[in-house]
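Trainee: what's the 3D shape of this:
(4 chains)
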There are 4 protein chains.
Amino acid sequence: MIKVGIIGISGYSGFTAFELLLKHPGVRVTYISANNTTGAAEEIWPKLKGHTNLVCNKFDAQKAIEKCDVFILAVPHTVAMDLAPQLLSKPAKGGSLAVRQAGASGGKKVIDLSADYRLESAASFTKWYGTEHKDKTNLKNAVYGLPELYREKIKKANLVANPGCYPTAAILALAPLVSTKTDLIQSIIIDAKSGVSGAGRKVALGFMFSEVNENFKAYKVLNHQHTPEINQYLSKIAGNNVEVTFVPHLLPINRGIQETIYVQFKEKIKAENIHTIYKKFYKTEPFVRILPLGKQPEIKDVAYTNYCDIGVAANKNLAVITCTIDNLLKGASGQAVQNLNLMCNFKETEGLV
Amino acid sequence: MIKVGIIGISGYSGFTAFELLLKHPGVRVTYISANNTTGAAEEIWPKLKGHTNLVCNKFDAQKAIEKCDVFILAVPHTVAMDLAPQLLSKPAKGGSLAVRQAGASGGKKVIDLSADYRLESAASFTKWYGTEHKDKTNLKNAVYGLPELYREKIKKANLVANPGCYPTAAILALAPLVSTKTDLIQSIIIDAKSGVSGAGRKVALGFMFSEVNENFKAYKVLNHQHTPEINQYLSKIAGNNVEVTFVPHLLPINRGIQETIYVQFKEKIKAENIHTIYKKFYKTEPFVRILPLGKQPEIKDVAYTNYCDIGVAANKNLAVITCTIDNLLKGASGQAVQNLNLMCNFKETEGLV
Amino acid sequence: MIKVGIIGISGYSGFTAFELLLKHPGVRVTYISANNTTGAAEEIWPKLKGHTNLVCNKFDAQKAIEKCDVFILAVPHTVAMDLAPQLLSKPAKGGSLAVRQAGASGGKKVIDLSADYRLESAASFTKWYGTEHKDKTNLKNAVYGLPELYREKIKKANLVANPGCYPTAAILALAPLVSTKTDLIQSIIIDAKSGVSGAGRKVALGFMFSEVNENFKAYKVLNHQHTPEINQYLSKIAGNNVEVTFVPHLLPINRGIQETIYVQFKEKIKAENIHTIYKKFYKTEPFVRILPLGKQPEIKDVAYTNYCDIGVAANKNLAVITCTIDNLLKGASGQAVQNLNLMCNFKETEGLV
Amino acid sequence: MIKVGIIGISGYSGFTAFELLLKHPGVRVTYISANNTTGAAEEIWPKLKGHTNLVCNKFDAQKAIEKCDVFILAVPHTVAMDLAPQLLSKPAKGGSLAVRQAGASGGKKVIDLSADYRLESAASFTKWYGTEHKDKTNLKNAVYGLPELYREKIKKANLVANPGCYPTAAILALAPLVSTKTDLIQSIIIDAKSGVSGAGRKVALGFMFSEVNENFKAYKVLNHQHTPEINQYLSKIAGNNVEVTFVPHLLPINRGIQETIYVQFKEKIKAENIHTIYKKFYKTEPFVRILPLGKQPEIKDVAYTNYCDIGVAANKNLAVITCTIDNLLKGASGQAVQNLNLMCNFKETEGLV
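Mentor: Numbering: from 1, shown residues only, chains lettered A, B, ... in the order given. The predicted structure is shown next:
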């Protein structure tokens, strides 16, 4: 049994990771913490009543290290880069036997759900997140936790930067085109819509029921912090500089992201060809489903699952790719468990289907 | 034109009163204030863009008094009893000519949407609202602003205590029975459900979209502060002590209250007779609609209106009364305008239909 | 592996049973059918893409019997009583080896999610469902599938009448009081609220999004067909005639039932005592959770689970019991799987936690 | 008083027109009809109880013509072109005195909310609506009812083709750019999202609450029938051929459309300049509001109003225009009343603010 600690249990992604791991046959959650909310886990989250006796305390690095092999950091941006070095730097004592037997590289392992280790450039981090990066050492070694693209690296990583929810959908939806047709692409526009849990559980007027319900709006137009994350990884995949237009919107639903992506080509394309590229690219992937031509994915079919569903359409020079994920699962904690499975040599779908 | 000031424009009921009065042909809104949110009204509430040039400042009693004949207080409980005496005690200078011409009694007039002047007993106020009552003088003279029951008193009142949202529905739904059959009633149970705007615009975890949406729960079971308000006025109507059981629930909708009320009688009753009592009781009321026997009111038919819809059913010793209102209109600001119309000698439905 | 057939896969409860059983480690779904919707299951329900290769056809009793040990009937009321006799009457050929090895009694087994076998009296069935009962033979032997009350009978049953969604919550919420304090109870009022999936997937104006969203209403007041089901089983538990008042309401959410139940006693009661009775009554139950005194259950904590959460409050002569379930799980297909587990000698919680 | 008939009162747009006109000071609704739903209007629409004594019958052209000066057709596509000629061809008898006094041109007038008279080309109509156009005579003379662009023509029109909901938002959002910068525009992509009432009140699985709620999807991708309508009018405004990419999505809300529109230019542009163009273009329009730079419109600020709110952003060669309307008001019946005001010489905002 791998012993896992979850830091930041009071938010939605920490809770969702906790809920998943309580059912994971190869994992025991041995430590949970949160900044402001302490007490029995089943009192903090009545949904878990009967499933756990764990007690949530304020974070204590020493205790956490003693009790766990792997950590999931579900803390706000800029906090993770304080915690990760504490957890990773300790003398590994070889890590737990279980982790080594699982074939992993030994030492503590961290999966960070925040944005702190996603951008390779500390300067870019400062620009978009408004503060200096404090852990440039680990930043260099962090692996981007998108298994469909970085599976082998994730298996050997000690620090995984779990992708943002919008980037997960955008990169999965664009990778097949960007990797095979980069020279023919003229522009990419991502019109993204997210359910409210994507904003986390922070208490703010803009996420109150009466403000969001029966409402819809674009926000942070051309200015969202997930833009550089999308650009960075699409550029790597393309092998040259890719810059997307990204406009997010707030959907009056609890969970789910839908993105409609407009890819303009320099020449005419055919929907059938595009569709074939996608089918081939994701042929063996357990969590990416390409819909039949003519069908568009719906959020309800991926909600409460780790799937990413993709639909393809095209006309003249334009491909329209539609994509859906559950922002708390494939867009956050489900993907974290998928990464944990890879890092600890479990079956990749364990605890997720 | 009656000059009206609205104190507390940043909450839903203050905003709703503002929106109604901007369209009221006999009223000019001449003063608005809020505690934390200041600036141009159309920036605070983009919905009003193009409808007003007013600027919202922190409350200033002197300015308010200079500019207004009538005040609507849309401030939190326990704040109103600080403000009302300031507004009422000033030398009336006879009140504005317009108010006098409108046939009103002269002097400044206050309609308070908070709970501060609803309970006649200062001790009861302290018990339910957790603080001493600071304005016992005006408390004595305040008139309960339920026009269907206290129309004549409201016309002459200087201080009107606008009813709570739950009590408005409960008292209107029960008045016909309690006033005519009090000796035969054995028990009254009110199962009440309210949309989220009923909680005001305060920012709290429990009213966040992700906590309320796709959810439903009872809260403050047998312990809600509207219980004594309901009991006090039903007792007056009955002419003896009435104590109801009251259980509120939180509905995942923006606006609207539905109450299902169970009245147990000491003897058998007939639905037709009950129905007749209701039809008669509210025969001339412009804002109370009794549905045909066999029909139940729906929130959607009263949302964005000042109506109270009532349905009647019965079996053996039990009458089941169902009732719907819009909590922000008949349950708050619509009723405030109805009261203002009475106090200023306008047509009672002016600005409301 | 137990081979299970699901009849009526195009509705929500059939789909939910299918989804649960695809993950059940001891079960293989070997047959699915529907009346109007045929074709590959993953086309009918894109959510299942990648999980099944089954094809849905019109019901064919012969094929179904050949392929399955156990049937889940998720068909409309009055249809099940046509199908069940066909499935049960065939020479059992001893049933499948697996079923026998699982310790079950041999022969085909049927779990019926419709109302057809819930009411013991054929006359009562006719009164509430508007048609003659066509299968009085099996009606006599059907076992009511509420495991918390009839666990041992269910284990041996060939035909289980899966309880209605409202009755499941109502009976679980009332059994502790009715079984221990029946002589002291004066009246019972059940104010019930259900999410829209409780109405099934039938296409009707009243369940269209624009009619239900931002709306709430009581319906079938004092006249809902679940009333006799509740009365029948509470009377059995009480050992004498119990008649409840039952008023259902339509909640603008997808899933979940909440009931607030008012039990009037002939004498004063104490919340602590009532709470103790509930804790004791459900002490060993895996799917019933009694909340701490002062807490009320919320639908979000049981949604997508098989739990029934119960809260207790009391004042003077009145107990207020609040109860939540997921109508598609504990209120339908989850409970069906719980029954299947009992009938096939699996662990009762298999596939459900 | 202008006498108005509404044909198709059982749908949302017919109902909304009815509700608006009951409050319009210059109008009397004298005739209502519907195809399947007949009876007292207040029984069909309990929300109107107390507001009308009209009775709804099946359409009878003779009666309609006798009773009305102006007709609002709120019938399905392909039905309107059957009815309009009947209503328009009758000897006008000079039209009602009131209409003439109002300065209108005499004769019966028709405002058609369907798509039947929007496309100038009968061939295009056939392509997108699947049937021959039956009234090519009136098709030639119909005026497109977008007052911001065709005000003067509308004033003199006998037959107004009320714009589609998506086109209303799209054309208003694009007219300032297309009319002034057409040579510099490279491509236009419209990502549109509509609340469910946009689909009308037809009963279909895809619009059931449980299918739409907590869901979101693109539909009719690159293939929606509003595309040619948008192209036709933008081309007229531009003075050359404009072809947009149009992708609609279904939002889980009752009312409202939001469109995010991506306009790619051949050269760099500045947000400030774009913003100035919009402010100027709509300077005197009563129902179009240009938000300050940096702000995006929200559906909640236009819901239940006749406004169209527009926000502007830009980066490099790209302008992002966001736009919101209430699909039942500015997108249908509110705009119909605005047109009626123009056609009958009322103040353009009468009954709408």
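Trainee: If you count residues, where's the longest helix of chain A?
Mentor: Ranked by number of residues, the top helix in chain A under DSSP state H is helix A:165-180.
Trainee: do that helix and chain C meet at all?
Mentor: No: judged by Cβ under 8 Å from any Cβ of the partner chain, helix A:165-180 makes no contact with chain C; its nearest approach is 15.5 Å. C-beta coordinates here come from the backbone N, C-alpha and C atoms, glycine included.
Trainee: next structured bit after that helix?
Mentor: Using DSSP states H and E, the helix or strand that follows helix A:165-180 in sequence is strand A:185-194.
Trainee: got a list of contacts for that following strand?
Mentor: A:165-166, A:169-170, A:174, A:177-178, A:230, A:234, A:242, A:244-251, A:256-266, A:317, A:327, D:189, D:191, D:193, D:216, D:249, D:260, D:262, D:264 (Cβ atoms under 8 Å, 6 or more residues apart in numbering or on different chains).
Trainee: try stretch A:118-126
Mentor: Residues from elsewhere that reach stretch A:118-126 (Cβ under 8 Å, 6+ apart): A:115-116, A:128, A:132-133, A:136, A:139, A:142, A:144, A:161, A:163-164, A:167, A:228-229, A:232.
Trainee: Can I have the buried ones of those as a ChimeraX selection?
Mentor: Provided next is the ChimeraX selection string for whichever of these are buried by 16 or more other Cβ atoms under 10 Å in any protein chain shown:
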select /A:115,116,128,133,139,142,144,161,163,164,167,228,229,232
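Trainee: Now residue A:225: closest residue in space, sequence neighbours ignored.
Mentor: Spatial nearest neighbour of residue A:225, excluding adjacent residues (Cβ to Cβ, 6 or more residues apart in numbering or on different chains): residue A:128 at 4.4 Å.
Trainee: Oops, could you answer that again for residue A:86 instead?
Mentor: residue A:61 (4.4 Å).
Trainee: and that neighbour, what does it touch?
Mentor: By Cβ under 8 Å, 6+ apart, the residues touching residue A:61 are A:83, A:86, A:87.
Trainee: Those in helices, which ones?
Mentor: Going by DSSP H, the helices hold A:83, A:86, A:87 from the contacts of residue A:61.
Trainee: What score does the last one have for pLDDT?
Mentor: As summarised for this prediction, residue A:87 has a pLDDT of 96.
Trainee: my guess is it meets residue A:110, correct?
Mentor: Yes: between residue A:87 and residue A:110 a contact is recorded at 5.5 Å, counting by Cβ atoms under 8 Å.
Trainee: For these two, list the residues in contact with both.
Mentor: Taking Cβ under 8 Å, 6+ apart as the contact rule, residue A:87 and residue A:110 both touch residue A:71.
Trainee: When these two are compared, which one has more neighbours?
Mentor: More crowded of residue A:87 and residue A:110, by other Cβ atoms under 10 Å in any protein chain shown: residue A:110, with 27 against 22.
Trainee: quick one: which of the ones in helices among the contacts of residue A:61 is nearest to residue A:73?
Mentor: Relative to residue A:73, the closest of these is residue A:83; by Cβ to Cβ it sits at 6.0 Å.
Trainee: Go ahead and confirm that closest one touches residue A:75.
Mentor: Yes: assessed by Cβ under 8 Å, residue A:83 is found in contact with residue A:75 at 6.6 Å.
Trainee: can I assume residue A:72 sits in a strand?
Mentor: Yes: applying DSSP: H, G, I helix; E, B strand; the rest coil, one finds residue A:72 inside a strand.
Trainee: That one: neighbour count?
Mentor: Number of residues near residue A:72 (other Cβ under 10 Å) recorded here: 32.
Trainee: Contact partners for residue A:291?
Mentor: Residue A:291 is in contact with A:297, A:309, A:310, A:311, A:312, C:46, C:49, counting by Cβ under 8 Å, 6+ apart.
Trainee: show me where the stretch 101-250 of chain A has strands.
Mentor: Remark: strands assigned in the stretch 101-250 of chain A by DSSP state E, counting those that start in this stretch are A:109-112, A:143-144, A:159-161, A:185-194, A:217-218, A:245-250.
Trainee: The fourth one: which residues count as buried?
Mentor: When neighbours are counted by 16+ other Cβ under 10 Å, the buried residues of strand A:185-194 are found to be A:185, A:187, A:188, A:189, A:190, A:191, A:192, A:193, A:194.
Trainee: Go through those residues and name the one nearest chain B.
Mentor: Among the buried residues of strand A:185-194, residue A:194 lies closest to chain B (Cβ to the nearest Cβ), at 11.8 Å.
Trainee: now the stretch 1-150 of chain A, which segments are flagged as low pLDDT?
Mentor: Within the stretch 1-150 of chain A, the stretches with pLDDT under 70 are A:90-106.
Trainee: So which bits of it are right by chain B?
Mentor: With Cβ under 8 Å from any Cβ as the criterion, the stretch 1-150 of chain A meets chain B at residues residue A:12.
Trainee: roughly how far apart are the residue in the stretch 1-150 of chain A positioned nearest to chain B and chain C?
Mentor: Per Cβ to the nearest Cβ, residue A:12 is where the stretch 1-150 of chain A lies closest to chain B, at 7.0 Å. Per Cβ to the nearest Cβ, to the nearest Å, residue A:12 is found 12 Å from chain C.
Trainee: Name the residues of the stretch 251-353 of chain A found near chain C, please.
Mentor: So the stretch 251-353 of chain A meets chain C at A:286, A:289, A:291, A:295, A:297-298, A:300-302, A:304-305, A:307, A:309, A:353 (Cβ under 8 Å from any Cβ).
Trainee: CA atoms only: put stretch A:211-227 into PDB for me.
Mentor: Output of stretch A:211-227 as PDB, limited to C-alpha atoms (Å, rounded to 0.1, in the frame of the first residue of the first chain):
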ATOM      1  CA  GLU A 211     -24.700  35.900  -9.100                       C
ATOM      2  CA  VAL A 212     -23.900  32.900 -11.200                       C
ATOM      3  CA  ASN A 213     -27.200  31.100 -11.600                       C
ATOM      4  CA  GLU A 214     -29.200  32.100 -14.700                       C
ATOM      5  CA  ASN A 215     -26.100  34.000 -15.800                       C
ATOM      6  CA  PHE A 216     -23.200  33.600 -18.200                       C
ATOM      7  CA  LYS A 217     -20.300  35.800 -19.100                       C
ATOM      8  CA  ALA A 218     -16.800  35.900 -20.500                       C
ATOM      9  CA  TYR A 219     -14.100  36.900 -18.000                       C
ATOM     10  CA  LYS A 220     -10.400  37.700 -18.100                       C
ATOM     11  CA  VAL A 221     -10.700  38.100 -21.900                       C
ATOM     12  CA  LEU A 222      -7.300  37.600 -23.600                       C
ATOM     13  CA  ASN A 223      -5.800  37.800 -20.100                       C
ATOM     14  CA  HIS A 224      -6.200  34.500 -18.300                       C
ATOM     15  CA  GLN A 225      -3.200  32.900 -16.600                       C
ATOM     16  CA  HIS A 226      -3.800  29.600 -18.300                       C
ATOM     17  CA  THR A 227      -2.900  31.100 -21.600                       C
END
